[in-house]
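> this one's structure only:
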């Protein structure tokens, strides 16, 4: 028996082009894949690591002007026992206006990193970088991106068996390379693709899936229950529950009730799950899957995590995700519109996506987003200013209709507008004062008080 551990192995060249080696042994992978590299390291005790948190990744799309470089750890701050989970490392955020292409870019990058190195359609450096697992979270009902599947029937079936049947296994050690969490019934979509291949004898996959199949609430509840049961046996679940008890006590009460139901009574679990708010459902579904199935050196991809979540819950979830990522030595790519998320990520880990026709411009923010105000972030990314929000139009209309420019004092102006609209905010008051001072310049009889 001869071991073939890499391309330098003595017998690799003799078998590398044979159907038996590629189909029966490698299946839909190749000699450079993460699992095989890690297996070789274990055999040789090399200790070599593909540490995504410490590697800079660069890539270039055909639609982009320049090469893009990403570093997941801009802060080189380590605690005595490893990286500290309070620091803003491990996440890269893509943000931009609707239609800018940030989600498309995110899906493609994650898929390319997940794909075998010699099957990629874009250049990624370093070329040998691979990931153990891709976890994709998208709770949008309009998500129709094609998932990371191969373009032939045999590989598609193999992918289905490996990656979508994992929930049926009772082996806690089994963690598939691809996990989807969202509102699509991926299993039925895959079956539909296989059937389409059989009928047309030609299998083609574009960027968007032609037939999106939604997931029903019963299915979402059941897969959440199975993930919940597995998560209960993970070391970091207790830390997660302790934090939920402190910061979201109303959810903690529900989770305590669901704990016994998840194991002994599926019907009771379903009724308790249905009672949760929409935001709490998605929060529990996402965190249960991440803790239950998250692998070392994985890429987590989250498309618009702010959907259905109030800002405090969104901030809490991102903090908990960051904590899990540190323990699993994993990283996350996130597409978002939320200043809440950017406020907790260094600008060196933020990319603003702008579209000019078919071309994409990807740049870093010109401000430091970490700790910045929501207003500053919104202005930087979306160009949101006083001339683009409707409530300033309302204030200006009332100011003109009431002929406030003819009033003698600022207080008289404010009293007049509040009599019409009710109490107005400090920001609105400042705007009205600016209108008044600008309109009344040159009138010496105006008292600015």
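Sure thing, it's come through. This structure is a prediction, so every number in the text was calculated from the model and none was measured.
> Let me see the contact set for the spatially most central residue of the chain.
When CA atoms, centre = their mean is applied to the chain, the residue found nearest the centroid is residue 302 (1.6 Å). Residue 302 sits next to 137, 138, 286, 321, 332, 333, 334, 335 when contact means CB atoms under 8 Å, 6 or more residues apart in numbering. All C-beta spots, glycine's among them, are computed from the backbone N, C-alpha and C.
> How about residue 421, nearest residue that isn't a chain neighbour?
residue 398 (6.5 Å; CB to CB, 6 or more residues apart in numbering).
> host element of that neighbour?
If you go by DSSP states H and E, residue 398 is part of helix 390-401.
> Flag every buried residue along the helix or strand following that helix.
Helices and strands here follow DSSP H and E; after helix 390-401, the next one along the chain is helix 410-421. Applying a neighbour-count criterion of 16 or more other CB atoms under 10 Å, one finds 410, 413, 414, 416, 417 buried in helix 410-421.
> Model confidence score at the third one, please.
Right, residue 414. Predicted confidence (pLDDT) for residue 414: 91.
> That one is in contact with residue 431, isn't it?
No: in this structure residue 414 lies outside contact range of residue 431 using CB atoms under 8 Å: 11.1 Å.
> Strands of this protein, residue ranges please.
56-60, 68-71, 78-79, 82-83, 91-96, 123-125, 133-138, 178-182, 298-303, 331-336, 350-356, 359-363 (DSSP state E).
> Among those strands, show the one with the smallest mean pLDDT.
Among the strands of the chain, strand 78-79 scores lowest, with a mean of 48.
> Could I get the buried residues of helix 410-421 in a markdown table, plus columns for distance to residue 367?
A markdown table is the format used below for the buried residues of helix 410-421 (distance: CB to CB, whole Å):
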| residue | distance to residue 367 |
| --- | --- |
| 410 | 32 |
| 413 | 33 |
| 414 | 32 |
| 416 | 37 |
| 417 | 32 |
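> Around residue 193, how many other residues sit close by?
The tally of other residues near residue 193 (other CB atoms under 10 Å) stands at 21.
> now residue 101
Neighbours of residue 101 (other CB under 10 Å): 22.
> doesn't residue 360 make contact with it?
Yes: using CB under 8 Å, residue 101 and residue 360 qualify as a contacting pair, with a distance of 5.7 Å.
> shared neighbours of the two, anything?
In contact with both residue 101 and residue 360: 63, 353, using CB under 8 Å, 6+ apart.
> give me the number of residues near residue 334?
Residue 334, neighbours per other CB under 10 Å, totals 26.
> That one and residue 68, how far apart?
16 Å (CB to CB, to the nearest Å).
> what pLDDT does residue 318 get?
pLDDT, residue 318: 94.
> from what I can see it touches residue 341, true?
Yes: counting by CB under 8 Å, residue 341 is a contact partner of residue 318 at 6.0 Å.
> Need the residues touching each of the two.
With CB under 8 Å, 6+ apart, residue 318 and residue 341 have common neighbours residue 305.
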